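**Student:** sequence isn't available, so here's the structure alone:
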């Protein structure tokens, strides 16, 4: 008598949702299959080791679309070496994900709307192939293998429609990240998604105004619905309302502070609360936030008091938030990028020049590194990057200490304070000299 087909089923990687895996297990058992159910948090090694031990025919995996990039190639290799069929399923797998999984060597991949009849028919065919000892189809030559610590992670990038934000999304997708790309410009956001489409990662465009009070929750919910979790954020959204102190109207001041200070603060508050909840629930958290300050916030920019003050606030927000969120497995850093964007069209040179030192693409690898495992011990820091240079400014260090006389008299102040201020001069303000 022929033994029923035997399938090892489990979720892969950090996928914490077993509903789909349990549902397909019940379907297979009703159809006469034997199921060895492994539950959550499996690796390719464990899945195939149990399949060997249990003399299984097929390995079935439930996985998030953002995570399969990090595991599929190894799982395909192990299944081929041992002669197992390999089936993927996931409630959030897109048509593109399914095509890519098949190109990588999976026997079948089922998304959220696959019918029970189709699934069973395909799995029956895979069982017949395995029992006959026939080889699986070779992976497509277009398959791209992604290795590295960022592959499979989920990162939110605000201001992702163009400029630096688009460069960040592109670099992260190149490294296998699932990017939630946010902006207010839907058409330009689609251009970002289209530009990233050939890359190993993926882009989920979410149109929202970061200055809306509910935007952080909306963005987090979008990430959780699509990917199940979120590992990082790049708070990049920005604008410039130019004007000196004596001329900038209140509306422009309010908008500058809303975009550059209040929005990142709220975003960190919502995401930080989520990561704290994960940590307190006993789940490992390895999260990272990258905020966007500016040389204007570090040194000041002439005739831009409001913008300079807002960016200075972000540098200190990164420092203090790093201390608060570090206990929950979260790093917080800031970059001060100098790149050619809509806000900095005045930079010298030409964007068409070869190896333009002001290109946003030169900043993106620094941001990606801050989100990855190599920067797990780096937090509360600011990195300046652009024009072919990178540095870590040394601000907020106390100067020489002088004893303060009790009840200091005006004469004592006149004698002491010039000495206190006699150290190295402050850096010059950036920008052209006033006329």
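**Tutor:** On my side now, so go ahead. Quantities reported herein were computed from a predicted structural model and do not represent experimental measurements. Numbering: from 1, shown residues only.

**Student:** where's the residue lying closest to residue 235 once chain neighbours are set aside relative to residue 108, distance?
**Tutor:** Closest residue to residue 235 apart from its sequence neighbours, by CB to CB, 6 or more residues apart in numbering: residue 264 at 4.1 Å. Just so you know, the C-beta spots here come from the backbone N, C-alpha and C atoms, and that holds for glycine as well. Distance, residue 264 to residue 108, by CB to CB, to the nearest Å: 43 Å.

**Student:** who has more neighbours, those two?
**Tutor:** The neighbour comparison of residue 264 against residue 108 (other CB atoms under 10 Å) goes to residue 264, with 29 against 22.

**Student:** circling back to that earlier point, ok, the residue nearest to residue 235 - contacts?
**Tutor:** The contact partners of residue 264, taken as CB atoms under 8 Å, 6 or more residues apart in numbering, are 235, 291-292, 314, 317.

**Student:** one more: residue 75?
**Tutor:** Contacts of residue 75 (CB under 8 Å, 6+ apart): 12, 44, 47-48, 59, 61, 86.

**Student:** what do you get if the cut-off is 6 Å, keeping everything else the same?
**Tutor:** residue 44 (CB atoms under 6 Å, 6 or more residues apart in numbering).

**Student:** any idea how far it lies from residue 149?
**Tutor:** Using CB to CB, residue 75 is found at 19 Å from residue 149.

**Student:** can you give the distance of the helix or strand hosting residue 96 from its chain's centre?
**Tutor:** Using DSSP states H and E, residue 96 sits in helix 95-104. Computed by CA atoms, centre = their mean, to the nearest Å, the chain-centroid distance of helix 95-104 equals 22 Å.

**Student:** past that helix, which element shows up next along the chain?
**Tutor:** Following helix 95-104 in sequence order, the next helix or strand is strand 108-110 (DSSP H and E).

**Student:** give me the helices and strands touching that following strand, please.
**Tutor:** Applying 3 or more CB pairs under 6 Å, 6 or more residues apart in numbering; DSSP states H and E, we find strand 108-110 packed against strand 85-89, helix 95-104.

**Student:** give me the angle between the shortest one and helix 95-104.
**Tutor:** Angle, strand 85-89 to helix 95-104, by axes from the mean of the first three to the mean of the last three CA atoms, to 10 degrees: 170 degrees.

**Student:** what is strand 85-89 packed up against?
**Tutor:** Against strand 85-89 (3+ CB pairs under 6 Å, 6+ apart) you get strand 58-62, strand 108-110.

**Student:** what does the longest one give?
**Tutor:** Secondary-structure packing of helix 95-104 (3+ CB pairs under 6 Å, 6+ apart): strand 108-110.

**Student:** sorry, back to before: surely the residue nearest to residue 235 is within a helix?
**Tutor:** Yes - Residue 264: assigned to a helix according to DSSP: H, G, I helix; E, B strand; the rest coil.

**Student:** gap between it and residue 167?
**Tutor:** Counting by CB to CB, the separation of residue 264 from residue 167 is 19 Å.

**Student:** and the closest residue to residue 165 other than its chain neighbours, how many neighbours does it have?
**Tutor:** Excluding the flanking residues, the one nearest residue 165 by CB to CB, 6+ apart is residue 159, at 4.1 Å. For residue 159, the tally of surrounding residues (other CB under 10 Å) stands at 27.

**Student:** wait, doesn't residue 159 sit right on residue 234?
**Tutor:** No - Residue 159 lies out of contact with residue 234 (CB atoms under 6 Å); the separation is 8.5 Å.

**Student:** tell me the buried residues in stretch 326-342?
**Tutor:** Within stretch 326-342, the residues scored as buried using 16 or more other CB atoms under 10 Å are 328-341.

**Student:** farthest-separated two in these?
**Tutor:** Spatial extent of those (CB to CB) is set by the pair 328 and 340 at 36.4 Å.

**Student:** for the stretch 201-350 of the chain, what spans make up the strands?
**Tutor:** Secondary structure of the stretch 201-350 of the chain (DSSP state E, counting those that start in this stretch): strands at 202-207, 232-235, 287-292, 330-338.

**Student:** relative to residue 171, which of these is closest?
**Tutor:** So among these, strand 232-235 is nearest, using CB to CB, at 10.4 Å.

**Student:** sheet partners, orientation included, of the closest one?
**Tutor:** Taking DSSP bridges as the criterion, strand 232-235 forms sheet pairs with strand 154-158 (parallel), strand 287-292 (parallel).
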